[in-house]
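A.B. asks: predicted model follows, preceded by the sequence.
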Amino acid sequence: MKHTLSVLVEDEAGVLTRIAALFARRGFNIESLAVGTGEQGGVSRVTMVVNGNDQVIEQIVKQLYKLINVLKVQDITEIPCVERELMLVKVSATSSTRSEIVELAQIFRSRVVDVADDSLILEVVGDPGKMVAFAQVLQKFGIREIARTGKIALTRESGVNTEFLRLLETKL
């Protein structure tokens, strides 16, 4: 099962290297990784997606806490969160397909960020499932390049689980 970990670390050189080395030594793979400054000066938030059962994740959390610059580790997989990812897609676009691509971009709430004679670059923000769906829809036009950020996430203070609400809506 994929788990999302939110890790607060001291913003110092080498912290990310030590985290990556910890995973490499133990043979764990990081599927997604995003790092950025946190809400406090001198603190960064690392959001990572790792694959493993509950025991493996528990071991990873314990190992992370052993690193000197790690301040807080939280498995937010089962906690209501806002999760986002950013993707840039360069897609082939002829004069005959350009309008169809722009219409699809509007459906996915994407936006065109660059226009060339034979291509478009589109920017889309959303959950990882949206990224996959958007890439699949654009496949028929010819995707030239894709760049994706790792997943970022913050827990919901409201406690509202939108995934639960979405499932409830589909049953009605």
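C.D. replies: Yes, it's here.

A.B. asks: quick check: longest strand of the chain.
C.D. replies: Longest strand in the chain, counting residues (DSSP state E): strand 81-92.

A.B. asks: can you list the buried residues in that one?
C.D. replies: 81, 83, 84, 85, 86, 87, 88, 89, 90, 91 (16 or more other C-beta atoms under 10 Å). All C-beta atoms are positioned from the backbone trio N, CA, C, and that covers glycine.

A.B. asks: partner strands of that strand, parallel or antiparallel?
C.D. replies: Strand 81-92 has the following sheet partners, assigned by DSSP bridges: strand 119-126 (antiparallel), strand 143-148 (antiparallel), strand 152-155 (antiparallel).

A.B. asks: how about that strand as CSV, C-alpha atoms only?
C.D. replies: Only the C-alpha atoms of strand 81-92 are listed here, as CSV (Å, rounded to 0.1, in the frame of the first residue of the first chain):
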residue,chain,number,x,y,z
CYS,A,81,-5.8,15.9,3.6
VAL,A,82,-5.6,18.3,0.7
GLU,A,83,-3.2,16.7,-1.8
ARG,A,84,-1.9,18.3,-4.9
GLU,A,85,0.6,17.7,-7.7
LEU,A,86,1.7,19.9,-10.6
MET,A,87,2.3,18.6,-14.1
LEU,A,88,3.6,20.3,-17.2
VAL,A,89,2.9,18.5,-20.5
LYS,A,90,4.4,19.4,-23.9
VAL,A,91,2.0,17.9,-26.5
SER,A,92,2.2,18.0,-30.3
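
A.B. asks: tell me which residues in the helix or strand just after it are buried?
C.D. replies: Of the helices and strands lying after strand 81-92 in sequence (DSSP states H and E), the nearest is helix 98-107. The neighbour-count check on helix 98-107 (16+ other C-beta under 10 Å) flags 98, 101, 102, 104, 105 as buried.

A.B. asks: which one of the buried residues of strand 81-92 sits closest to residue 139?
C.D. replies: Among the buried residues of strand 81-92, residue 91 lies closest to residue 139 (C-beta to C-beta), at 9.0 Å.
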